[in-house]
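sequence first, then the predicted structure:
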Amino acid sequence: MSPEVLSTPVADTVKSPDRAHSRARAARRRKAVVTAVRVLLLVVVLGLWEALSRAKAIDPFNFSMPSQIWDQIWTWVTHGTALGSLGEQIWYTLYEALLGWVFGVVAGVVLGIALGRVAFLADALGPYIKVLNSIPRIVLAPIFVIWFGLGPASKVASAVVLVFFPVFFNAFQGAREVDRNLVANARILGAGDRRVTLQVVIPSATSWIFTSLHVSFGFALIGAIVGEYIGATKGVGLLVAQSQGTFNAAGVYAAMVILAVVALVAEGLLTFAERRIFRWKPAGSEQ
């Protein structure tokens, strides 16, 4: 065997760490560039908005401006709102959204897995679920206020109906998409329906379920805010309603900014949890 042939594996071994380092550096550079572009885009949009408002190219009374929105947030933080402290309003809305999100996720996962596993249930309940899904669920918020009053229950109900369907359909599809070979192997090893569901179907559907969780928490916030907007005693949605009632555009935008921050924090926590749970997945499969 020639020396060139013998040296080839050694050369590949030496080059492999270099390629890995190069890919890591390229990934870091790309991440830095993406972050810089995001920040630059935000600065440009906010700066253009501020400049157009100050120049009266757009009506500052209706569109407000970033500096006024910041002043409104700072006033709420330092002096509170007409309803109490800002933290209390945020917590009230977050409590309603979290409670509705949990109930909606649990109901969606349980029913989705059940209908995905039991064809008879899917055939019997499928038409009713399709009909319920076709109803614009936001219009149910006034009904929930009539049923449950101005307290948290009506907002939780609004959040539940918004969260349930995306989670249900993802869980249902995840249960249907389970590798049949895995199910067959589990049955060969003596697993019954219950063990197959708990140890094969649910773990296989987890990635589908987590996909819906990212979207569904935003829906839970929407449900809580809409319910508070229609009728409530406190909460960020009531801040929006009061700001609109007094033609305070900065207050409306300030509440939207606060909700966006809450949603981003929740998204970050969900992403962190997903990465911890799916550490076994290759990095490229997460995208």
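Perfect, thanks for sending it.

what strand or helix carries Lys234?
Counting by DSSP states H and E, no helix or strand carries Lys234.

quick one: it and Val160, what's the gap?
Distance from Lys234 to Val160, counting by CB to CB, to the nearest Å: 20 Å. C-beta coordinates here come from the backbone N, C-alpha and C atoms, glycine included.

do the same with Ala260
23 Å.

what ranges do the helices span in this structure?
Assigned helices in the chain, in chain order: 3-54, 60-63, 66-79, 86-117, 119-134, 140-148, 152-176, 180-188, 193-196, 202-230, 236-245, 249-277 (criterion: DSSP state H).

now render the ones you listed as a markdown table, adding mean pLDDT.
Below are these laid out as a markdown table (pLDDT from 0 to 100):
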| stretch | mean pLDDT |
| --- | --- |
| helix 3-54 | 77 |
| helix 60-63 | 86 |
| helix 66-79 | 91 |
| helix 86-117 | 89 |
| helix 119-134 | 84 |
| helix 140-148 | 88 |
| helix 152-176 | 88 |
| helix 180-188 | 62 |
| helix 193-196 | 64 |
| helix 202-230 | 83 |
| helix 236-245 | 87 |
| helix 249-277 | 84 |
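
single out the most deeply packed of these.
helix 152-176 (a mean of 24; mean count of other CB atoms under 10 Å).

from the contact counts, what lies against it?
If you count contacts as 3 or more CB pairs under 8 Å, 6 or more residues apart in numbering; DSSP states H and E, helix 152-176 packs onto helix 86-117, helix 119-134, helix 140-148, helix 202-230.

with adjacent residues omitted, what lies nearest to Pro60?
Using CB to CB, 6 or more residues apart in numbering and skipping the chain neighbours, the partner closest in space to Pro60 is Ser53 (4.3 Å).

and for Arg137?
Of all residues not flanking Arg137 in the chain, Val161 sits nearest, at 4.7 Å (CB to CB, 6+ apart).

show me what contacts that neighbour?
Gly104, Arg137, Leu140, Gly223 (CB atoms under 8 Å, 6 or more residues apart in numbering).

now for these, which pair is the farthest apart?
In those, two members sit farther apart than any others by CB to CB. They are Gly104 and Leu140, at 13.2 Å.
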